[in-house]
Structures are given as C-alpha cells and as structure tokens.
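A.B. asks: fold the following and give me the result.
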Amino acid sequence: MIAMNVASAASDASSALAVLVSGGLDSAILLAESLPRHSAVWPLYVRFGLFWEETELSYLRRFLDAVASPTLQSLTVLDVPVTDLYGEHWSLTGIDVPAAGTPDAAVYLPGRNVLFLSKAMLWCHLHSVPALALAPLESNPFADATAEFFADYRAVVNRAIGGTVCIERPYCGMHKEEVLRRGRHLPLQWTFSCMRPVENQHCGVCNKCAERRIAFLRAGLPDPTDYHREPSCSA
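C.D. replies: Take a look at the predicted model:
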C-alpha cells in the first residue's frame, strides 16, 4: 500500500529520485540540479539529534521553499538517534567543537554514512523510489565515503531486503568550489554548514564554517552567509 500511494505521485516512477540532504552546500545544489531531470525528487533528511540540526533544518526548509518546482516532493525527516552511541561527543553537546584549522579527522562522525544509508535505502525500497543520491566529494578522506564502501553497502542492503535501490554520487570526482560554481545561481544563503550555530547564524569559527568560507573564495563567488563572527581566512 505504501509503494502504491507514493509511486502515484510521479508520472514516471522509474525516474523518481531521493536525495539525502543535510542543508549544506553540496547536497542542496545536488537536489536543485536534480529537479528538472526527474519526474519526482524526494528530499530526505536524517535526524540524529546533533547539536546543529534544528538550525540546519530551518535553513533547509527555506531552501526548499526557494527552489520549489512541480517535481519537488515534501521533505521527509527520518529519525536515527545516536545519543546512545555518541554519549558526550561534541556533535551532541556543542562543547569543544573542532575549530577552523583542525584536520579532517577531527570532524569525523563514526558510522555516519552507515546510519544515513540504512534508513534512506529502506525508505526508497518501501516507497518504490529506485535511486538514492548523495553528495560526497573528491576530498572526502573517510573510509565510509569510498567507491568500494558504497558498492559493498548497496549490495548488502539490497540483498537483505530483496531490493534494487541504486546509490548515485554525481559529485564524487569534484571539489567543493567546483560544485559551488554549478550552483552559483541558487539561493545559497539558505544553505547551512556549521557545527555550533549561534542565534540561528553560522558561528564563523568552526571547522565547517572555515571550509565554507574558503570554498566561496576559491570559487571566486561572493559569500552570502551571515556569520556570527567574521575571522580572517585565506584560500
């Protein structure tokens, strides 16, 4: 019954696509680029209970309103709480959040892609959406962002559920500034890339804020972000 009801929302179910969106630049641009290419595009947000998610979701909803089109479906929020796994981790408490200049390893969230994909793939299978897209980049250094991981994980989950859900990673060979240039015409002020928001603003001093600022600089684009603090940074 679920599959029948959802499939009817699209004129061509085989062209439907789900996109894992975090509210950040890369996944927001991927979502917007997918809209004219598919009969239905379903934004999926996986909520873990992380410190920044309430603010991130508010930005995401404004971005979706700004790019609304006949193919854009309603936002689906999937809950995968991690408080029992992460404990007093900075991602839950907002304390000692990795600052600008810290290495990539400092922002690693253990098993995040495992958790993302498990529920998202099951959602696609149950709702007859044949493909799931997400936006890891060339620069992603983690083991759960490799081509081998995605191929193996897709095979295991599909085997477990008797499914055929595809995983698409169209930006896997790109750097953030390349993706930014593709989305320069979009309302990027409604994207969010911060691990410790202050008064619904980007903090301006965390690792992700620095990454965001540098990406706009390297892309040669004005940064529309409203930062709580404006530290100097260079590319």
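A.B. asks: for residue 183, which non-adjacent residue is closest in space?
C.D. replies: residue 29 (3.4 Å; CB to CB, 6 or more residues apart in numbering). Just so you know, the C-beta spots here come from the backbone N, C-alpha and C atoms, and that holds for glycine as well.
A.B. asks: list of residues touching whichever strand or helix holds that neighbour?
C.D. replies: According to DSSP states H and E, residue 29 maps onto helix 25-34. Here helix 25-34 makes contact (CB atoms under 8 Å, 6 or more residues apart in numbering) with 17, 19-21, 41, 43, 60, 63-64, 67, 133-135, 137, 170-171, 176, 179-180, 182-183, 186, 188, 190-191, 193, 212, 215.
A.B. asks: any of those residues buried? List them.
C.D. replies: Buried members of the contacts of helix 25-34, scored by 16 or more other CB atoms under 10 Å, are 17, 19-21, 41, 43, 60, 63-64, 67, 133-135, 137, 171, 176, 179-180, 182-183, 186, 188, 190-191, 193, 212, 215.
A.B. asks: helices - which of these land there?
C.D. replies: 60, 63, 64, 176, 179, 180, 182, 212, 215 (DSSP state H).
A.B. asks: which one of the residues you listed sits closest to residue 90?
C.D. replies: residue 212 (18.4 Å; CB to CB).
A.B. asks: any idea how far the closest residue to the closest one other than its chain neighbours lies from residue 67?
C.D. replies: Residue nearest to residue 212 in three dimensions, not counting chain neighbours: residue 193, with 4.3 Å by CB to CB, 6+ apart. Distance of residue 193 to residue 67, given as CB to CB, to the nearest Å: 17 Å.
A.B. asks: quick one, what contacts residue 60?
C.D. replies: 21, 22, 23, 28, 43, 45, 75, 190, 192.
A.B. asks: I'd say the second one and residue 43 touch.
C.D. replies: Translated: residue 22. No: counting by CB atoms under 8 Å, residue 22 stays clear of residue 43, with 10.3 Å between them.
A.B. asks: quick one on the thing from earlier: tell me how many other residues surround the residue nearest to residue 183.
C.D. replies: By other CB atoms under 10 Å, 22 other residues sit near residue 29.
A.B. asks: any idea how far it lies from residue 159?
C.D. replies: Counting by CB to CB - residue 29 and residue 159 are separated by 32 Å.
A.B. asks: kindly report the same for residue 194.
C.D. replies: Distance, residue 194 to residue 159, by CB to CB: 38 Å.
A.B. asks: likewise residue 193?
C.D. replies: 35 Å.
A.B. asks: so where's this structure shaky on pLDDT?
C.D. replies: Along the chain, segments meeting pLDDT under 70 span 1-14, 231-235.
A.B. asks: what comes up buried for the lengthiest strand in the chain?
C.D. replies: If you go by DSSP state E, the chain has its longest strand at strand 41-47. Neighbour counts using 16+ other CB under 10 Å place 41, 42, 43, 44, 45, 46 of strand 41-47 among the buried residues.
A.B. asks: ditto for stretch 52-60
C.D. replies: Across stretch 52-60, burial judged by 16+ other CB under 10 Å covers 52, 53, 55, 56, 57, 59, 60.
A.B. asks: which one of the residues you listed is nearest residue 71?
C.D. replies: Among the buried residues of stretch 52-60, residue 60 lies closest to residue 71 (CB to CB), at 17.4 Å.
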